[in-house]
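Novice: here is my input, please return the structure:
(one chain, ligands or ions: 1)
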Amino acid sequence: MHIRKVLIANRGEIALRVHRACQEMGIQTVAVHSTADNTAMHVRLADESVCIGPPPARDSYLNMAAIISAAAITGADAIHPGYGFLSENASFAEMVEAHGLAFIGPRPEHIRMMGDKIAAKDAMRRLGVPLVPGSMGALESLDEARAVADEIKYPVLIKAAAGGGGRGMKVARSAEELEEAWRVARTEAKAAFGDDSVYMEKYLDRPRHIELQVLADTHGNVVHFGERDCSLQRRHQKLVEEAGSPVLSAEERDKLGANVTRALKELGYRNAGTLEFLWQDGQFAFIEMNTRLQVEHPVTEMVCGVDLVKEQVRIAAGEPLGYGQDEIRFNGHAIECRITAEDPETFAPSPGRVNMYHAPGGLGVRVDSALYSGYVVPPHYDSLVAKLVVHGGTRAEAIARLRRALAEMVVSGIRTTLPLHQQIVADPEFQAGDYTIHWLERFVARMRADG
Ligand code: ADP
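Specialist: The predicted model follows:
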């Protein structure tokens with residue numbers, strides 16, 4: 001099919017990101033927005049815009065009927081969901097396709113499968129992808145949880161089947177802690193996702209989070225664009241991401257890539273996806289798959305010289321990738337800092353008016369942000385306000401560039417996590433690449449103690 005007009009069912013920096021790719025491809029864009037976003041950058045830049053409801057996301061950015069109507073009214077051919085909101089909602093993808101529009105993303109059945117983490121792990125086990133040891137499927141009772149924990153040995157992690165954003169996840173370090181972890185994880189899962197199914201995994205004590213970016217076209221071609229190391233997390237949320245990982249060799253990357261692309265080919269996967277792994281002692285263990293573009297995709301783009309959003313659009317139009325794995329090159333190193341409108345010490349949200357915004361520039365610097373001077377960050381949505389991405393010939397050059405760019409960047413009027421990022425990149429352990437998923441929590445605690 002020929003895609004001439006794309007409706008972007010999102011807001012903020014990712015709506016701009018998709019708009020930019022479409023514009024360069026000669027494709028018209030339609031922005032949708034809530035009444036809180038009347039003056040937002042994505043609304044200003046898009047060719048057309050449609051107001052779809054009041055500020056709460058459930059009434060606007062999650063309002064499927066309003067979004068499909070906006071596509072019909074404006075004559076859009078396709079919908080790009082961005083990340084978050086409806087991006088991993090299989091019913092929405094089905095609805096989009098039922099209305100004769102292209103969904104710029106995976107097939108609904110794969111969104112559904114990977115959204116259920118138990119089904120996702122089952123599928124990966126069948127496809128021969130290595131997993132974290134744990135329960136086979138959902139845990140039916142506390143007794144079953146006890147039995148699995150005795151088998152895989154403490155510490156263990158209870159996780160929500162419908163999980164996301166690190167919610168519904170509880171560690172039990174010993175048999176005494178299990179009942180409490182079981183109860184809290186289920187209560188949290190029920191509250192956050194309306195589903196209290198949980199499963200169990202061995203809790204790894206010092207892993208890195210390493211994920212693999214994949215693209216698949218509708219002609220059976222699957223390629224990967226290497227790994228991202230997203231080990232720098234707070235409350236299971238990523239703050240800084242790198243491509244490639246400071247610890248992975250080219251051979252390890254090739255081996256994992258070959259396994260994953262073979263599995264996704266067998267599955268008949270389509271469009272962009274990311275498989276997330278924990279890596280410890282040289283072993284990879286699958287934890288989940290994200291069936292969408294990810295926040296941290298720019299680091300991959302910088303290293304591979306690819307525009308992943310353009311590729312997503314081409315795939316949705318039915319075009320073949322047109323290149324093989326051999327043609328994908330990994331050049332230098334990239335790092336992304338997620339800058340949020342939060343207090344850098346307490347992480348309390350800090351919405352409000354941005355008096356002055358100045359983005360850094362220069363060779364190898366990219367800023368994905370919907371900020372401008374005078375913009376009012378609304379309190380209703382995710383606190384991410386800018387992604388600062390740098391590329392360098394080596395990791396050391398990327399770090400030097402990042403320190404320089406962070407020092408140039410100004411966001412005044414609201415509090416942001418810029419100062420925290422400055423502290424992280426100045427740290428010798430970060431600079432040595434010597435960190436696990438637990439490093440940042442300890443770093444933040446140390447910073448607070450030092451006052
Ligand atoms: P969510 O979908 O809520 O983000 P994930 O399964 O992707 O949940 O896990 C998020 C993060 O939680 C991981 O990046 C890792 O830091 C931590 N984590 C998940 N599973 C384990 C495990 N088995 N052992 C140790 N840490 C884990």
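Novice: beyond the one helix or strand A405 maps to, next helix or strand please.
Specialist: When elements are assigned from DSSP states H and E, A405 belongs to helix 395-408. Once the chain leaves helix 395-408, the next helix or strand it forms, by DSSP H and E, is strand 410-412.
Novice: so which residues make contact with that following strand?
Specialist: For strand 410-412, contacts defined as C-beta atoms under 8 Å, 6 or more residues apart in numbering pick out 339, 354-358, 371, 385-386, 418. The C-beta positions use only the backbone N, C-alpha and C, and glycine is treated the same way.
Novice: what strands line up against that strand, and which way round?
Specialist: strand 356-358 (antiparallel) (DSSP bridges).
Novice: for the partner strand, buried residues please.
Specialist: Y357 (16 or more other C-beta atoms under 10 Å).
Novice: report the angle between the helix or strand following it and helix 395-408.
Specialist: Next helix or strand after strand 356-358 toward the C-terminus (DSSP H and E): strand 365-369. For strand 365-369 against helix 395-408, the angle by axes from the mean of the first three to the mean of the last three C-alpha atoms, to 10 degrees is 50 degrees.
Novice: okay, and L248 sits in which element?
Specialist: Using DSSP H and E, L248 falls outside every helix and strand.
Novice: can you tell me the closest non-neighbouring residue to it?
Specialist: Nearest residue to L248 in three dimensions, chain neighbours excluded: E227, at 5.9 Å (C-beta to C-beta, 6 or more residues apart in numbering).
Novice: returning to what we had before: of the contacts of strand 410-412, closest to the ligand?
Specialist: I339 (20.0 Å; C-beta to the nearest ligand atom).
Novice: check contacts around the closest one.
Specialist: I339 sits next to 369, 384-388, 409, 411, 416-418, 421 when contact means C-beta under 8 Å, 6+ apart.
Novice: tell me which element it falls in.
Specialist: strand 333-340.
Novice: so after that strand, what's the next helix or strand?
Specialist: Next helix or strand after strand 333-340 toward the C-terminus (DSSP H and E): strand 352-353.
Novice: give me the contact list for that following strand.
Specialist: Residues contacting strand 352-353 (C-beta under 8 Å, 6+ apart): 341, 374-377, 413-414.
Novice: now intersect these with the strands, please.
Specialist: 376-377 (DSSP state E).
Novice: what residues does the chain put near the ligand?
Specialist: Residues of the chain lying near the ligand by C-beta under 6 Å from any ligand atom: 132, 157, 163-166, 201-204, 207, 209, 233, 236, 276, 278, 287-288, 437.
Novice: one more pass at 8 Å, please.
Specialist: 117, 132, 134, 157, 159-160, 163-169, 171, 201-205, 207, 209, 230-231, 233, 236-238, 276, 278, 285, 287-288, 437 (C-beta under 8 Å from any ligand atom).
Novice: pull out the buried members of the residues you listed.
Specialist: 117, 132, 134, 157, 159-160, 163-164, 167-169, 201-204, 207, 209, 230-231, 233, 238, 276, 278, 285, 287-288, 437.
Novice: which among the contacts of strand 352-353 gets closest to E397?
Specialist: E397 lies nearest to A341 out of the contacts of strand 352-353, by C-beta to C-beta, at 29.5 Å.
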